[in-house]
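# let's see this in three dimensions:
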Amino acid sequence: MTNTPTIIERNQQFASNFSAAELPVLPKLRMVIVTCGDSRVDPAHVLGLELGDSVVIRNNGGRITQTVLEEIAALSFMVAMMDGENPGPFEVVIIQHTQCGAERFADPQFQKMIKEKVGLDVSSTAIHDHEQSMQEDIEHLRNATEVPDHIIVSGFIYDVQNGSVREVIAPSVLGA
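Alright, predicted model coming up:
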């Protein structure tokens, strides 16, 4: 049994009232949200985002991996080119969450098992402590030569039990 018909039907309902054909390429909020792929953590629902508000990058744990760095660098370059002489602010918001599967990646035995069975090293996305991992991710952004230092970055933890987000890292300019 597949749930594909369900999502096709939902898309048909969405498309029947579609009125966003004129949305610009650049996100209205000039923001990239990096968050976990966990189905309980959908930024559109959690943050009340509308279509076209933000770019959303999702991965295990909402971590700043090399692939995410490259995406942010490319997006920031595109924004700068489209802005021309009058660049506006560009933000990266990191959102991790409670009860995250990436917390399990912190267990050396679990890491070993994944490495042996699947051939993947998940140590770089393991979360021992959310606040510490966000600090590490921001340092990773800060040290990446391909990411411009004028980007504003912040970090939040979403609580899957009560639906609230808590600011862990206040918005600040990456190069400050």
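
# and R166, how far is that from E50?
23 Å (C-beta to C-beta, to the nearest Å). Glycine gets a C-beta too; all of them are placed from N, C-alpha and C.

# to clarify, my last question referred to I138.
Taken as C-beta to C-beta, the span from I138 to E50 is 27 Å.

# which of those two has more neighbours?
Ranked by neighbour count (other C-beta atoms under 10 Å), I138 and E50 place I138 first, with 19 against 11.

# buried residues, the helix or strand that contains the more buried one. List them.
Per DSSP states H and E, I138 falls inside helix 130-143. Residues 130, 133-134, 136-138, 140-141 are the ones in helix 130-143 that count as buried (16 or more other C-beta atoms under 10 Å).

# and the helix or strand just after that helix, which strands flank it?
Later in the chain than helix 130-143, the nearest helix or strand by DSSP H and E is strand 152-158. Paired strands of strand 152-158, with direction, are strand 91-97 (parallel), strand 165-173 (antiparallel) (DSSP bridges).

# any idea how far strand 152-158 is from the chain center?
Taking C-alpha atoms, centre = their mean, to the nearest Å, one finds the center of strand 152-158 at 10 Å from the center of the full chain.

# mind listing the helices for the chain?
4-16, 43-46, 66-83, 108-118, 130-143 (DSSP state H).

# go through those helices and find the least confident stretch.
The weakest mean pLDDT among the helices of the chain belongs to helix 66-83, with a mean of 89.

# which secondary structure elements does that one sit against?
strand 31-36, strand 55-59, helix 130-143 (3 or more C-beta pairs under 8 Å, 6 or more residues apart in numbering; DSSP states H and E).

# those: which one's closest to G101?
Counting by C-beta to C-beta, G101 lies closest to strand 31-36 out of those; the figure is 7.9 Å.

# contact partners of the closest one?
Outside strand 31-36, the residues that touch it by C-beta atoms under 8 Å, 6 or more residues apart in numbering are 41, 43, 47, 53-64, 68, 71-72, 75, 90-97, 100-102, 158.
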